[in-house]
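1. Sequence isn't available, so here's the structure alone:
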């Protein structure tokens, strides 16, 4: 593994190395249709909406989830290929 | 995923979410017999021996590698079951 690959991989792993973000990923994965809105995620993790939005932004920027605005709410779903990349790093 | 599971998993992921530690895991995996000593790892990553030893300690405490003292040097090998657990978290 080159130094550059290691730097890039560490950034993505840091994004998931957080208990709230791991729970958000797990809840999104298990939601109907594989997607969840902030309105579902906020009560599920028991934190404020700004805090949940911050964690969702970190996951979105790391490419682990994608965001789609529909009506009042933004909906989030996993990006399976990106999670597969992280699993490959650990293989 | 429960709050407790998320906390435990985040600790293990934090241990690998570091570019030097990712490179150390990669070098150990690719070494002859699947094991490497600090004497091999220090020149391979181009850092001082105390720094490399610190990173190896973090990985050992997270259960991702195991250490065996033989003669002058400590030898390290991966703990595949622990890495599989991390992959499962991301599945």
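-> Thanks, I have the structure now. Only a predicted model underlies this, so the values are computations on that prediction, with no experimental measurement involved.
2. Name the nearest residue to the residue nearest the centre of chain A, ignoring sequence neighbours.
-> Centrality entry for chain A: nearest residue to the mean C-alpha point is residue A:59, 3.7 Å, by C-alpha atoms, centre = their mean. Distance criterion C-beta to C-beta, 6 or more residues apart in numbering or on different chains; nearest residue to residue A:59, sequence neighbours excluded, is residue A:65 at 4.7 Å. For the C-beta atoms, the positions are set from N, CA and C on the backbone; glycine is no exception.
3. residues near that neighbour, how many?
-> 25 (other C-beta atoms under 10 Å in any protein chain shown).
4. before we move on, what about the one 5 residues further on?
-> Burial of residue A:70 is recorded as 9 neighbouring residues (other C-beta under 10 Å).
5. can you tell me how far it sits from residue A:39?
-> 12 Å (C-beta to C-beta, to the nearest Å).
6. okay, now residue A:33: neighbour count?
-> Count around residue A:33 with other C-beta under 10 Å applied: 7.
7. Tell me the confidence at it?
-> Looking at residue A:33, its pLDDT stands at 94.
8. Same question for the one 5 residues further on.
-> Per-residue pLDDT puts residue A:38 at 91.
9. I'd like the distance from it to chain B, if you could.
-> 19 Å (C-beta to the nearest C-beta, to the nearest Å).
10. same thing with residue A:21?
-> From residue A:21 over to chain B (counting by C-beta to the nearest C-beta), the distance is 8 Å.
11. Would you check that that residue makes contact with residue A:61?
-> No: the pair residue A:21 and residue A:61 fails to qualify as a contact (C-beta atoms under 8 Å) at a distance of 11.6 Å.
12. Now the common contact residues for these two.
-> residue A:15 (C-beta atoms under 8 Å, 6 or more residues apart in numbering or on different chains).
13. Of the two, which one has the most company?
-> When neighbours are counted by other C-beta under 10 Å, residue A:21 and residue A:61 differ, and residue A:21 comes out ahead with 24 against 11.
14. Setting aside sequence neighbours, what's the nearest residue to residue A:7?
-> Counting by C-beta to C-beta, 6+ apart, the residue nearest residue A:7 is residue B:19, at 4.8 Å.
15. got a list of what the one you found touches?
-> Contacts of residue B:19 by C-beta under 8 Å, 6+ apart are A:3, A:6-7, A:9-10.
16. elements contacting the helix or strand where residue A:55 lies?
-> Per DSSP states H and E: residue A:55 is located in helix A:49-61. For helix A:49-61, the elements it packs on are helix A:3-16, helix A:19-30, helix A:38-45, strand A:65-70, strand A:73-78, judged by 3 or more C-beta pairs under 8 Å, 6 or more residues apart in numbering or on different chains; DSSP states H and E.
17. Many thanks, we can stop here.
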